[in-house]
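Peer 1: Model the following, please.
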Amino acid sequence: MQELIDKITNEGVHVGGGIVKLDSFLNHQVEPGLTLRMAVELCSQFQACGVDLVTKVVTAEVSGIPVALGVASTFGAELIYARKSRSTLMTGTYYVAEAISRTRGSHTDLMVDRRFLGPDDCVLIVDDFLATGSTLSALVRLVRESQANLAGIGCVIEKPAEGGREVLSDVDAPILKLATIEFVGDYMKVY
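Peer 2: Model prediction:
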């Protein structure tokens, strides 16, 4: 998606260690128009892969929510975001899977209420990054535990050097992305 590639190139900041700061439009401040166009493009790519009947879109809070909401809206599906912390209002039973945050370096439990995801669901997982694959792998485990059908995984940006796609090699569904970031020394290549 050329608009996204241009935005990353012009506004992305490599802060070191392969981490790219995109807070001006993706994961702090959000540009609604661009976000909706990204969602429509992901949906278009999924439909080209034969994915059409989607009942739920699953993401992890927080950065994946805007694009995932757009994808859910475009498919006429419901959005579920896996919670990272338990509140006093969370009194039911939950699917739980552990992920390691790439930017924080900490372990996090992702939780989805069992009432909202089950065997009758056809699910897309949508997130902002495919890097190490830890978050997406945890979301896949939640979907599998619920016995829902995993129809695909969509990410805004993939960083192939971090091996996330290999971590997801057992996923029998399309894994799509809108842009790719690679590093050659301190040079950030976006395509």
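Peer 1: switch to C-alpha atoms for all contacts and neighbour counts from now on
Peer 2: Fine.
Peer 1: mind listing the strands for the chain?
Peer 2: Applying DSSP state E to the chain gives strands spanning 13-16, 19-21, 56-60, 78-82, 94-100, 107-113, 122-130, 149-158, 175-184, 187-190.
Peer 1: With mean neighbour count as new columns, can these be given to me in a markdown table?
Peer 2: As requested, the strands of the chain are exported to a markdown table (neighbours: other Cα atoms under 10 Å):
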| stretch | mean neighbour count |
| --- | --- |
| strand 13-16 | 12 |
| strand 19-21 | 16 |
| strand 56-60 | 27 |
| strand 78-82 | 22 |
| strand 94-100 | 19 |
| strand 107-113 | 19 |
| strand 122-130 | 26 |
| strand 149-158 | 24 |
| strand 175-184 | 18 |
| strand 187-190 | 15 |
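Peer 1: how about a markdown table for the ones you listed, with distance to Val143 and mean pLDDT added?
Peer 2: Below are the strands of the chain laid out as a markdown table (distance: least, Cα to Cα, whole Å; pLDDT from 0 to 100):
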| stretch | distance to Val143 | mean pLDDT |
| --- | --- | --- |
| strand 13-16 | 33 | 92 |
| strand 19-21 | 28 | 94 |
| strand 56-60 | 9 | 98 |
| strand 78-82 | 11 | 97 |
| strand 94-100 | 9 | 94 |
| strand 107-113 | 9 | 94 |
| strand 122-130 | 8 | 98 |
| strand 149-158 | 7 | 98 |
| strand 175-184 | 15 | 97 |
| strand 187-190 | 31 | 95 |
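Peer 1: In CSV: those, plus distance to Leu36.
Peer 2: CSV is the format used below for the strands of the chain (distance: least, Cα to Cα, whole Å):
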stretch, distance to Leu36
strand 13-16, 23
strand 19-21, 20
strand 56-60, 15
strand 78-82, 15
strand 94-100, 27
strand 107-113, 25
strand 122-130, 13
strand 149-158, 12
strand 175-184, 13
strand 187-190, 21
